[in-house]
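> what follows is a predicted structure for the sequence shown.
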Amino acid sequence: MKNGRPRSVPDAMTTVERRPRTLPLSHRRAFVQRHTRLRPVDGVADVRLYLADEVEPLWRAVEEATATDGAPIPFWAFAWAGGLALARYITERPDEVRAKRVLDLGTGSGLVGIAAALTGAEHVTAADIDPFAEAAVALNARANGVRLAFTRRNLLDEEVPVDVDVVLAADTWYEGPLAEAVLPWLQAAADRGTRVLIADPGRRYLPEDAHLREIRRYLVRTTTTLEDRPEVASRVFVLDAAARRAT
């Protein structure tokens, strides 16, 4: 109790409203390096990423650094099941991206885009709206000796780019609003003739009836406890535009 009131009731005389802080890229890079370690990625040969050990301490650190309550999950600090599967597939089938223009949608750490660059993609753009992802991708690309362009624009609010041959979309089905936005965008890309590769371990919002044709399946070991188990079966799909046109 404080002055006869429960501690959960804020004291209007002492509460200071926090204003969100915008950090420059150099500060975000330093933050990523301070809270992660550069390490190999299980199952993806020759790729190293700056990865965190635990979600909760990093999440709190992001909120503190940005003076923000309810900051997004730091997806950029972990290798997720879908990304691990898609990166492995690309390294096994470099013809999918070699000499092509690639977009890594919702890139997070940049794992999939880095795999594409290492296997001979002509140009790779990594897209993510999280400002810390921009810093993580820059650091991870440098650690792997590749160059990735980066955009923080929400591409789902724009027309599908015409200068992309392949769209890579891993781990984009973990919440309903995102799934509802990303599916028609990917379908529009496939209808335009863009090769669309999707990977996911079968999360709740993965649309099983959206003409996704499974082309590979992997047992992957994730780097985050946010997955429900350490090893998961993760599938790679191609969005089949021909099947969509036939229905």
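It's in.
> and the residue nearest to residue 118 when sequence neighbours are not counted, what is it in contact with?
Leaving aside its sequence neighbours, residue 118 sits nearest to residue 146 (Cβ to Cβ, 6 or more residues apart in numbering; 6.0 Å). Backbone N, C-alpha and C define where each C-beta goes, glycine included. Residues near residue 146 by Cβ atoms under 8 Å, 6 or more residues apart in numbering: 114, 117-118, 124.
> tell me the most packed of those residues, by neighbour count.
residue 114 (31 neighbours; other Cβ atoms under 10 Å).
> you'd agree residue 207 is up against residue 179?
Yes - counting by Cβ atoms under 8 Å, residue 207 touches residue 179, with 7.1 Å between them.
> quick one, which of these two is more surrounded?
Shown here are residue 207 and residue 179; by other Cβ under 10 Å, residue 179 has more neighbours (17 against 14).
> the residue lying closest to that one once chain neighbours are set aside: neighbouring residues, count only.
Closest residue to residue 179 in three dimensions, ignoring its sequence neighbours and counting by Cβ to Cβ, 6+ apart: residue 205, at 3.7 Å. If you count neighbours by other Cβ under 10 Å, residue 205 ends up with 16.
> next one: phi and psi at residue 205?
Note on residue 205: backbone dihedrals following degrees, to the nearest 10 are phi -100, psi 10.
> my guess is it contacts residue 176, does it?
Yes - under the criterion of Cβ under 8 Å, residue 205 makes contact with residue 176 at 5.5 Å.
> circling back: state the distance from the residue nearest to residue 179 to residue 143.
Plainly put, residue 205 is 32 Å away from residue 143 if you go by Cβ to Cβ, to the nearest Å.
> for the residue nearest the centre of the chain, give me the pLDDT.
Most central in the chain under Cα atoms, centre = their mean is residue 108, positioned 3.0 Å from the mean C-alpha point. For residue 108, the pLDDT comes out at 97.
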